[in-house]
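[1] the following comprises the amino acid sequence and a computationally predicted model.
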Amino acid sequence: MSDGDVGLYGWQLRWARWREQPRARVALLVAAGLGLMLLLALVVGVYESRAPALIQVEPAPTLAPGVLLAQTTARVAQALYDKPGGYLANDLTPPGVWLDDMPHWELGVLAEVRTMVHALHEQWGLSHAEYVEDDDLSRADTDFAVDAQSWWFPRPEREFEHGVVALQGYAGRLALRPQQAVFLARDAALRQYLAEVNDDLGRMSAHLNAAVPQVGAEGDRIVAQPTTSWWRIDDVFYEARGRCWALVPLLQALNSEYASTLQQRHAELSMRAAIHELEATQQTLWSPMVLNGSGFGLFANHSLTLANYIDRAHLDLADVVSQLNP
């Protein structure tokens with residue numbers, strides 16, 4: 001028997017003796033159980049990290065004004081808790097507690113839902129002549145303003161469900177004949193909403209562009225500008241992706257609601273171009289992580305690529321806002 005065989009036999013003998021000990025068997029079972037749990041958590045985490053498909057909105061000229069916009073807002077909000085894995089931003093248990101990309105995506109979607117619901121409440125659904133608030137929109141505005149990371153009371157998922165029901169109730173009352181709700185399709189309301197969204201796009205682009213070192217002028221000096229920490233690059237990236245995901249159907253609904261106005265103001269093409277650029281932000285990210293390559297190196301810079309699409313959407317929406325000015 002060779003020395004190698006003797007050594008292998010010795011290890012096998014030690015392994016057999018170790019396994020015969022009760023504590024060793026218990027430790028082996030515990031290790032195997034933990035390994036299986038970690039593997040299962042990894043698989044579930046990958047499943048829960050998938051963003052839902054883009055919501056496509058088809059023009060519905062037969063619907064009463066405002067119905068399509070309210071229904072679309074409800075569908076976007078419903079995706080926060082009705083997607084693979086449910087709502088993750090407030091999870092305290094594995095695998096949700098380990099994930100950070102999808103929770104930031106959810107916060108981006110929620111930010112756009114809040115902006116739209118508040119605009120519906122304060123601009124489109126509020127009669128400024130009588131200053132009569134719509135109860136459903138007021139309730140929805142409050143429901144979506146909940147602490148997004150609360151894990152106890154109130155639970156965000158439950159509040160979001162209530163907000164979606166309120167939006168659906170508002171849409172249902174708009175669809176009645178005669179109408180039992182108000183939707184004032186004013187150009188000023190559209191212009192104000194788009195201007196706010198456009199400001200948000202500009203801030204998103206600035207944060208994404210800050211993923212690489214930059215310099216700027218301060219008086220007569222050239223100084224380095226603050227950059228986004230490499231630790232937060234993926235958080236900023238996925239929050240921006242979530243905002244863009246939510247904006248695509250919301251802008252499609254507005255494009256349908258204000259089709260004649262946009263056509264008369266020669267802003268229809270710019271609106272469609274902005275939607276197209278935002279749709280491009282949802283292309284599949286094939287890398288397992290957000291890369292931050294520089295210059296003409298080997299690796300991509302996903303933040304700058306996303307910022308490029310957002311910049312072009314920002315310019316298109318700015319053109320729409322300027323065309324809507326009185």
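    Arrived safely.

[2] now for the nearest residue to residue 261 once chain neighbours are set aside, how many residues are close by?
    Ranked by CB to CB, 6 or more residues apart in numbering and with sequence neighbours excluded, the top spatial neighbour of residue 261 is residue 187, at 6.0 Å. Using the backbone N, CA and C atoms, a C-beta is placed for each residue, glycine as well. Each residue near residue 187 was counted by other CB atoms under 10 Å, and the total is 15.

[3] likewise residue 149?
    12.

[4] distance check, the residue nearest to residue 261 against residue 267.
    As judged by CB to CB, to the nearest Å, residue 187 and residue 267 stand 10 Å apart.

[5] what do these two both touch?
    Contact criterion CB atoms under 8 Å, 6 or more residues apart in numbering; residues shared by residue 187 and residue 267: residue 324.

[6] find the nearest non-adjacent residue to residue 234, please.
    Counting by CB to CB, 6+ apart, the residue nearest residue 234 is residue 290, at 4.2 Å.

[7] just to check, that neighbour is in contact with residue 302?
    Yes. If you go by CB atoms under 8 Å, residue 290 and residue 302 touch, sitting 4.9 Å apart.

[8] what do the two both touch?
    Common contacts of residue 290 and residue 302 (CB under 8 Å, 6+ apart): residue 237.

[9] where do the strands sit along this protein?
    Counting by DSSP state E, one finds strands in the chain at the ranges 215-218, 221-224.

[10] what mean pLDDT does the last one get?
    The reference is to strand 221-224. Across strand 221-224, the average pLDDT comes to 46.

[11] and for the first one?
    Strand 215-218 shows a mean pLDDT of 49 in the predicted model.

[12] before we move on, what about stretch 145-157?
    In this model, stretch 145-157 carries a mean pLDDT of 91.

[13] how far away is residue 43 from residue 95?
    From residue 43 across to residue 95, the span is 9 Å (CB to CB).

[14] higher neighbour count, the two?
    Each of residue 43 and residue 95 has its neighbours counted (other CB under 10 Å); residue 95 has more, 20 against 11.

[15] pretty sure that one contacts residue 39?
    No. With contacts counted by CB under 8 Å, residue 95 stays clear of residue 39, the gap being 11.1 Å.

[16] just give the number of residues close to residue 142.
    With other CB under 10 Å as criterion, residue 142 counts 15.

[17] mind listing what residue 165 touches?
    Contacts of residue 165 (CB under 8 Å, 6+ apart): none.

[18] tell me where the model's unsure across the stretch 51-200 of the chain.
    Residues of the stretch 51-200 of the chain meeting the criterion pLDDT under 70: 96-97, 128-130.

[19] can you give me the helices in it?
    For the stretch 51-200 of the chain, helices defined by DSSP state H, counting those that start in this stretch occupy the ranges 67-78, 101-119, 135-143, 156-175, 187-209.

[20] could the ones you listed be laid out in JSON lines, adding distance to residue 314?
    Listed next are the helices of the stretch 51-200 of the chain as JSON lines, based on distance: least, CB to CB, whole Å:
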{"stretch": "helix 67-78", "distance to residue 314": "20"}
{"stretch": "helix 101-119", "distance to residue 314": "15"}
{"stretch": "helix 135-143", "distance to residue 314": "26"}
{"stretch": "helix 156-175", "distance to residue 314": "27"}
{"stretch": "helix 187-209", "distance to residue 314": "4"}
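
[21] so residue 107 is in contact with residue 240, correct?
    No. In this structure, residue 107 is not within contact of residue 240 by CB under 8 Å, at 10.7 Å.

[22] the two: which is more packed in?
    When neighbours are counted by other CB under 10 Å, residue 107 and residue 240 differ, and residue 240 comes out ahead with 26 against 18.

[23] contact partners for the closest residue to that one other than its chain neighbours?
    Among residues not flanking residue 240 along the chain, residue 204 sits closest, at 4.7 Å (CB to CB, 6+ apart). Taking CB under 8 Å, 6+ apart, we find residue 204 in contact with 239-240, 243, 307, 310.

[24] swap in residue 132?
    By CB under 8 Å, 6+ apart, the contact set of residue 132 is 126, 182.

[25] and what of residue 137?
    117, 120-121, 125-126, 166-167, 170.

[26] separation between the residue sitting nearest the centre point of the chain and residue 268?
    Nearest to the mean C-alpha position of the chain, counting by CA atoms, centre = their mean, stands residue 242 at 2.0 Å. According to CB to CB, residue 242 and residue 268 sit 27 Å apart.

[27] go on, residue 185?
    Relative to residue 268, residue 185 is positioned 16 Å away (CB to CB).

[28] with residue 144 instead?
    On the measure of CB to CB, residue 144 and residue 268 end up 30 Å apart.

[29] relative to residue 170, how far out is residue 64?
    Taken as CB to CB, the span from residue 64 to residue 170 is 12 Å.

[30] more crowded one of the two?
    Under the neighbour definition other CB under 10 Å, residue 64 and residue 170 were set side by side, and residue 170 has more, 30 against 16.
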